[in-house]
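In: output the structure for:
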Amino acid sequence: MPATEEDLLPHYPFSDRGDRLAPELRDLQRRCPVARVRTNAGGEAWLVTGYELAQHVLRERKFARSALAGPDGPTQDAPILAPELLDAMGCLQRAGLRDEVLKALGRAQPYLPADWVAQVTREGLDAMVEAGSPGDLQHHFAEWVAARCMCRTLGLPFEDRHWLAERADLDLTMKTPSNEELARNWEELRLYMHQHLSDRPAEPRGLLDRLADLNDRRRGLDETQLSNIAALLFVTSYEDFASFLGVAAVHLLQYPKVMDGLRARPDTMPQCVEELLRHGVVLGNAIPRFVTQDDKLGEVPVKEGDLILLSLDAVNYDPDAFSHPDGFDPARSPNPHLRFGYGRHHCPGAHLVRRQSETAFTTLLEHLPGVRLAVPAGEVPWVPDRMAIMPAAVPVTW
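Out: This next block holds a predicted model:
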């Protein structure tokens, strides 16, 4: 029997690597910036790789995050285990808790003073040096800094980081042995958060305690919803931050002259971080949206209920939006990347990632002035099937 058009759809995602954009994404961006693909869940979706088209989807309310995401709706990977996991910020807003999250993760970041972040970064690097060369920046820098920052912000005990990270890792694995295992893993996380909040002291330990205290007064969320959102805040914030720091380290370490320039002019680190955010490939899957009414996306008709996937990695390499997009330019200006979304769909953790990455990378370059990759960049190993792309290790010497 000859293959049908549906059988020949490309299977998305295309790559596990964070050091380069998948060739398939480049090809689709050039030929067909809105392309039909097959997802890990076995369904079909429209994959968007063009910059202006992605802005359009993020701007228009007819492309919604959760409006049609029912139990029988199209999915990208694993099934959604609870509605509040797909629209956490919307749930927090309706419960009167969103501002508290934005205050903790916003520009002020009261839980993460720069000198504290620099100190914990040095502690992780010192542990790596003590263990001997070659070291692993993914473990002693990316995951260490992300865990310290997020446990402190959320008010979780740092000694539980390995248990928490193992479950966060499984939750963001795109190909799990079964949906039942995924559900069991999430329930363990949810119950942990429920117990943590039930045992909270009078003085809040961090953001999660403050949310629980506010919710006691406002009763906007039930206990299951609150513990689900608490688990989601850890999983997404820790995993996304550890992913970016690891991917960015691999990119930065390929440019010794850029590192020398940053040591001489640490005030240029913020601009370099913006280029690392654009240039790094960190999305193992894509940003989902659902079509709420029949429309056209570019020249492509889309129907109510269709799943749209935005590859923000590809979008950030669009030559129509960025000159010489393949090049790494730490002084690029303007740099209107869409790493954190666009317009009203903007990641609430953007300020945290920017500021703490600036501090962490400045500290890395000052503390280990001779740091360099211990293997060619093409030999850095990558964890397979990850929603947030992650190096398995970043081997370095100093």
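
In: what's the distance between the spatially closest residue to Q254 that is not a sequence neighbour and V145?
Out: Excluding the flanking residues, the one nearest Q254 by Cβ to Cβ, 6 or more residues apart in numbering is A377, at 5.2 Å. C-beta coordinates here come from the backbone N, C-alpha and C atoms, glycine included. Distance, A377 to V145, by Cβ to Cβ, to the nearest Å: 21 Å.

In: more neighbours: which of those two?
Out: Comparing A377 with V145 by other Cβ atoms under 10 Å, the one with more neighbours is V145, at 26 against 13.

In: where does pLDDT dip in this structure?
Out: In the predicted model of the chain, residues 1-7, 66-73, 78-80 satisfy pLDDT under 70.

In: mind listing the strands for it?
Out: Using DSSP state E, the strands found in the chain span residues 34-38, 44-48, 63-64, 135-136, 287-291, 295-297, 300-302, 307-310, 341-342, 345-346, 372-373, 395-397.

In: so R289 is in contact with I308, correct?
Out: Yes. Between R289 and I308 a contact is recorded at 4.4 Å, counting by Cβ atoms under 8 Å.

In: mutual contacts of these two, please.
Out: Shared contacts of R289 and I308, defined by Cβ atoms under 8 Å, 6 or more residues apart in numbering, comprise V57, F63.

In: which of these two has more neighbours?
Out: Remark: of R289 and I308, R289 carries more neighbours, 27 against 23, as counted by other Cβ under 10 Å.

In: tell me the contacts of the more buried one?
Out: Contact analysis of R289 by Cβ under 8 Å, 6+ apart lists V57, L58, F63, A64, R65, L307, I308, L309, L310.

In: please redo it, this time with the cut-off set to 6 Å
Out: V57, F63, I308 (Cβ atoms under 6 Å, 6 or more residues apart in numbering).

In: so which of the residues you listed comes closest to H279?
Out: Distance to H279 across the contacts of R289 (Cβ to Cβ) is lowest for V57, with 22.4 Å.

In: surely that closest one meets A64?
Out: No. Applying Cβ atoms under 6 Å as the test, V57 and A64 come out as separate, 10.1 Å apart.

In: more crowded one of those two?
Out: A side-by-side neighbour count of V57 and A64, using other Cβ under 10 Å, places V57 first with 22 against 16.

In: which residue is the nearest non-sequential neighbour of that one?
Out: Take V57 and drop its neighbours on the chain: the residue closest to it by Cβ to Cβ, 6+ apart is F63, 4.5 Å away.

In: and T153, by the same measure?
Out: In space, T153 is closest to Y111, 4.5 Å off (Cβ to Cβ, 6+ apart).

In: burial count for the one you found?
Out: Using other Cβ under 10 Å: Y111 sits among 19 other residues.

In: distance of M259 from D16?
Out: Distance from M259 to D16, by Cβ to Cβ: 26 Å.

In: swap in M174?
Out: For M174 relative to D16 (Cβ to Cβ), the value is 10 Å.

In: same thing with G305?
Out: As judged by Cβ to Cβ, G305 and D16 stand 30 Å apart.

In: the more surrounded of these two?
Out: Neighbours were counted for G305 and for D16 using other Cβ under 10 Å; D16 has more, 18 against 15.

In: ok so, going back, using JSON lines, please lay out the strands of the chain together with distance to R200.
Out: Output for those, formatted as JSON lines (distance: least, Cβ to Cβ, whole Å):
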{"stretch": "strand 34-38", "distance to R200": "44"}
{"stretch": "strand 44-48", "distance to R200": "41"}
{"stretch": "strand 63-64", "distance to R200": "34"}
{"stretch": "strand 135-136", "distance to R200": "35"}
{"stretch": "strand 287-291", "distance to R200": "33"}
{"stretch": "strand 295-297", "distance to R200": "46"}
{"stretch": "strand 300-302", "distance to R200": "46"}
{"stretch": "strand 307-310", "distance to R200": "37"}
{"stretch": "strand 341-342", "distance to R200": "32"}
{"stretch": "strand 345-346", "distance to R200": "30"}
{"stretch": "strand 372-373", "distance to R200": "43"}
{"stretch": "strand 395-397", "distance to R200": "39"}
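
In: select, out of those, the one closest to A388.
Out: When the strands of the chain are compared by Cβ to Cβ, strand 287-291 sits nearest A388, at 12.2 Å.

In: got the angle for that closest one vs strand 44-48?
Out: 110 degrees (axes from the mean of the first three to the mean of the last three Cα atoms, to 10 degrees).

In: note down every partner strand of strand 287-291 and its orientation.
Out: strand 63-64 (antiparallel), strand 307-310 (antiparallel) (DSSP bridges).

In: which residues does G135 contact?
Out: M128, V396.

In: and it, how far from F361?
Out: Here the distance between G135 and F361 works out to 16 Å (Cβ to Cβ).

In: and the residue lying closest to H194 once chain neighbours are set aside, what does it touch?
Out: The shortest distance from H194 to any non-neighbouring residue, by Cβ to Cβ, 6+ apart, is to S227 (4.0 Å). S227 makes contact with R190, M193, H194 under the criterion Cβ under 6 Å, 6+ apart.
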